[in-house]
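Here is my input; please provide its structure:
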Amino acid sequence: MALVGVLLAALAVGLLLYMMLVVFSRPDNFPPGPPPMPIWGNYVQMLLVNYKHPYKMLDLMTRIYKSKVIGFFLGESPAIVACDYQSVKEVLSNPHLQGRPVNIALKHRMFNKELGIFFTEGPHWLEQKRFSLRNMRDFGFGRRSERLEAEIAAELRDLVELIRGGREDQGVVRPSSGALSVLLPDVLLPVFVNALLSVYTGARLPRSADATVRHLGHAAMQFQRSSDATGGFLTLHPWLAWLAPRLSGYKDNIQGSEKMRLFLEQHIEEHKQTYSDDYMRDFIDSYLREIGERGKTGEPTMFTSEQLSLILLDFFFPTASSLPATLTWALLFTSHHLGVQKKVQDELDAVVGRGRLPTLDDRPNLPYTEATLREAMRIRTLTPLSVFHKATEDTTLQGYSVPRGAIVITCLYSMHMDGDLWGDPNTFRPERFLDSDGKLIKKDFTLPFGAGKRLCAGETFSKQNLFLTFSTLLQNFSIKSDGVPSADSSVPGVIETAPTFWAQFVPR
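Numbers count the residues shown, from 1 in each chain. Reported below is the predicted structural model:
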């Protein structure tokens, strides 16, 4: 018995020493922050403070530790958080902080290879990104294009007619007393999805396929809501993918991705059957041509059908989830701020009128409309922690040491709600983006799409389509606040989304 007692005492002392070692072991010149705990680092502490929105714990730490750069631990991995404009910009411009940490779900999504452009790094990532953007621009992505703008205009006319007609058979519109009930964000999905499909496949889906589009949008949202931005416990314990696939978010991550990928691969196969070197119909054709050209050399190549499917997926899932979610937030805020809504509509009436839809040519002459969208993206940051970065070399951030392999986080929520920068960050006030003459201020301190080499590849495409859809809806309808969730309502995930709701649209 005495021996057992000695062994237990030794075990207790060893455990205590281990915990003290963990708690007090911080890298040299590491940013201020909480001491790490064994096994989970500070992740459990984040959840205890704010289970739904762990990024708010990071924002709280900037005040506790009186620093805009915070250091904490995700399990055994050191993590450094940039929480103001200067530190965020430094992260985004530092070439040694552009890596991507991935968990087991993201690895399986990519068939355990370096595929796509969203969750990859290094020279192959850069090559695929540059090729994709260069060739997608040929079909209107991220630039002015008469053909694509005509397709989007047709889609917007269909949207206005669908809402005005109150067609209940579509499942997204229904008549209501003195108004029309419109299901958000579902009613918006075809506009954004078809704009991208026009680039991918050369044509948009017919109205009869709206149910398919909504199915894809729900799959994209399933993927986005499978975890918080940290990757959750699945990042710390990969074995949870098998032990608790649903609870860990693994199953939703894989299922959501697979639904979208299978749809896109059908289009790839159809293009292979009808492909001709003589005529490039769309981006898929351009990529298939590159696969063929690389194959002729007989050398190993990253240009493959699998790579194409993941590239399509990496542009598709934010288009089918983030853009409808962003616009839903903008409509939600304007419904709760009727003075802002009226100013937008007065500007649209004066510049565009009611006889035609707004176009991108009108955009420079609609500064208040543009400012309202910017303010919506600031006050409700869609990606509060953006997408995590990883240090590929030892480097520094605001004078602090960043060891190779460390996770680096840009807390866009803290930056967009920084009282030192915005003065009244909790107030929805589009005027903050306008000068004394009512023109847009050239310097925009919001970074909803990031910056630098990791700038969202779809920034221009996204801004164009958000502007066109937002201005078209407010040109044709007023949105009542009846039944609209409060601005504080949100569904957590990698992106911060409003709950699905029926909004009251009143034809103008």
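
make it CA atoms for all contacts and neighbour counts henceforth
OK.

State whether Gln504 is indeed within a strand.
Yes: membership of Gln504 in a strand is supported by DSSP: H, G, I helix; E, B strand; the rest coil.

Number of residues surrounding it?
Neighbourhood size, Gln504 [other C-alpha atoms under 10 Å]: 26.

Who does it form a beta bridge with?
Ser181, Lys480 (DSSP bridges).

right, and it touches Asp482 too?
Yes: using C-alpha atoms under 8 Å, Gln504 is in contact with Asp482, at 6.7 Å.

Can you check what pLDDT the model gives Asp482?
Looking at Asp482, its pLDDT is 87.

Go ahead and confirm it touches Phe505.
No: Asp482 is beyond contact range of Phe505, at 10.0 Å (criterion: C-alpha under 8 Å).

quick one, which of those two is more surrounded?
For Asp482 and Phe505, the more surrounded residue by other C-alpha under 10 Å is Phe505, and the numbers stand at 25 against 11.

Distance of the more buried one relative to Gly419?
Distance from Phe505 to Gly419, counting by C-alpha to C-alpha, to the nearest Å: 34 Å.

what's the average pLDDT for stretch 298-305?
91.

Please disregard the earlier target; I meant stretch 51-67.
In this model, stretch 51-67 has a mean pLDDT of 91.

and what of stretch 356-364?
97.

can you pull out the helices in the stretch 151-300 of the chain?
Using DSSP state H, counting those that start in this stretch, the helices found in the stretch 151-300 of the chain span residues 189-201, 210-224, 232-236, 240-243, 250-274, 283-296.

Can you tell me which of those is packed in deepest?
Neighbour counts (mean count of other C-alpha atoms under 10 Å) averaged over each of the helices of the stretch 151-300 of the chain peak at helix 189-201, with a mean of 24.

residues in contact with that one?
Outside of helix 189-201, the residues within contact range by C-alpha atoms under 8 Å, 6 or more residues apart in numbering are 136, 139-141, 148, 151-152, 155-156, 159, 203-205, 210, 213-214, 217, 267, 281-284, 312, 316, 319-320, 323-324, 465, 469.

Where does pLDDT dip in the stretch 201-350 of the chain?
Filtered on pLDDT under 70, the stretch 201-350 of the chain yields no residues whatsoever.

Compute the inter-axis angle for the lengthiest helix in the chain and helix 189-201.
Longest helix of the chain, by residue count under DSSP state H: helix 305-336. On the basis of axes from the mean of the first three to the mean of the last three C-alpha atoms, to 10 degrees, helix 305-336 is oriented at 150 degrees to helix 189-201.

Helix 305-336 - contacts with which helices or strands?
With contacts taken as 3 or more C-alpha pairs under 8 Å, 6 or more residues apart in numbering; DSSP states H and E, helix 305-336 sits against helix 189-201, helix 210-224, helix 250-274, helix 283-296, helix 338-351, helix 367-379, helix 459-476, strand 477-480.

ok, 7 Å please
Counting contacts by 3 or more C-alpha pairs under 7 Å, 6 or more residues apart in numbering; DSSP states H and E, helix 305-336 is packed against helix 189-201, helix 210-224, helix 250-274, helix 338-351, helix 367-379, helix 459-476.

How many residues are close by Asn476?
Asn476: 18 neighbours (other C-alpha under 10 Å).

how about the nearest residue to it, chain neighbours excluded?
Arg508 (5.5 Å; C-alpha to C-alpha, 6 or more residues apart in numbering).

ok now do the one you found, which residues does it touch?
476-478 (C-alpha atoms under 7 Å, 6 or more residues apart in numbering).

switch the cut-off to 10 Å
Taking C-alpha atoms under 10 Å, 6 or more residues apart in numbering, we find Arg508 in contact with 345, 354, 474-478.

okay, now Leu115: neighbour count?
Leu115: 26 surrounding residues under other C-alpha under 10 Å.

secondary structure class for it?
Applying three-state DSSP: Leu115 is coil.

Quick check: it touching Glu127?
No: counting by C-alpha atoms under 10 Å, Leu115 stays clear of Glu127, with 11.6 Å between them.

which residues do these two both contact?
Shared contacts of Leu115 and Glu127 (C-alpha under 10 Å, 6+ apart): 302-303.

related to what we said a few turns ago, what's the distance between the residue nearest to Asn476 and Ser471?
Taken as C-alpha to C-alpha, the span from Arg508 to Ser471 is 13 Å.

ok so, going back, report the lowest-confidence entry in the contacts of Arg508.
Ranked by pLDDT, the contacts of Arg508 bottom out at Arg354 (92).

Helix or strand for that one, just tell me which one.
Here Arg354, judged by DSSP states H and E, is contained in no helix and no strand.

That one and Ser471 touch, don't they?
No: using C-alpha under 10 Å, Arg354 is not in contact with Ser471, being 11.6 Å away.

Comparing those two, which residue is more hemmed in?
Ser471 (24 against 14).

which ones are touching the more buried one?
Shown in contact with Ser471 (C-alpha under 10 Å, 6+ apart): 344-345, 348, 352, 357-359, 363, 366, 369-370, 373, 465, 477.

Tell me the spacing between the closest residue in space to Leu180 that isn't next to it in sequence and Leu357.
Nearest residue to Leu180, sequence neighbours excluded (C-alpha to C-alpha, 6+ apart): Phe505, at 5.1 Å. Look at Phe505 and Leu357: by C-alpha to C-alpha, they are 18 Å apart.

likewise Thr446?
Note on Thr446: its distance to Leu357, by C-alpha to C-alpha, is 28 Å.

repeat for Lys251
Taking C-alpha to C-alpha, one finds Lys251 at 42 Å from Leu357.

for Pro425, same thing?
For Pro425, the distance to Leu357 (C-alpha to C-alpha) stands at 33 Å.

repeat for Pro384
Relative to Leu357, Pro384 is positioned 33 Å away (C-alpha to C-alpha).

Look at those two and report which has more neighbours.
Taking other C-alpha under 10 Å, Pro384 and Leu357 do not tie; Pro384 has more neighbours (25 against 19).

got the buried residues for stretch 397-405?
For stretch 397-405, the neighbour count (16 or more other C-alpha atoms under 10 Å) marks 397, 400-403, 405 as buried.

Export those to TSV and append columns for distance to Phe131, secondary structure and pLDDT.
TSV is the format used below for the buried residues of stretch 397-405 (distance: C-alpha to C-alpha, whole Å; DSSP: H, G, I helix; E, B strand; the rest coil; pLDDT from 0 to 100):
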residue	distance to Phe131	secondary structure	pLDDT
Leu397	31	strand	97
Tyr400	36	strand	97
Ser401	34	strand	96
Val402	31	strand	96
Pro403	32	coil	95
Gly405	28	coil	95
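
looking at it, Lys52 is touching Thr230, isn't it?
No: Lys52 is beyond contact range of Thr230, at 12.0 Å (criterion: C-alpha under 10 Å).

what touches both of the two?
Common neighbours of Lys52 and Thr230 (C-alpha under 10 Å, 6+ apart) are Gly493.

okay, these two: which has more neighbours?
Set Lys52 next to Thr230 and count neighbours by other C-alpha under 10 Å: Thr230 wins out with 23 against 15.

tell me the contacts of that one?
43, 54-55, 74, 102-103, 236, 385-388, 407, 409, 493-494.

Could you tell me which of these are located in strands?
Taking DSSP state E as the definition of strands, the contacts of Thr230 contribute 74, 407, 409.

export the residues you listed to TSV and tack on distance to Gln98?
Listed next are those as TSV, based on distance: C-alpha to C-alpha, whole Å:
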residue	distance to Gln98
Leu74	19
Ile407	10
Ile409	11
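
Redo those residues as a markdown table? Include neighbour count and pLDDT.
Putting the ones in strands among the contacts of Thr230 into a markdown table (neighbours: other C-alpha atoms under 10 Å; pLDDT from 0 to 100) gives the following:
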| residue | neighbour count | pLDDT |
| --- | --- | --- |
| Leu74 | 23 | 92 |
| Ile407 | 26 | 95 |
| Ile409 | 26 | 96 |
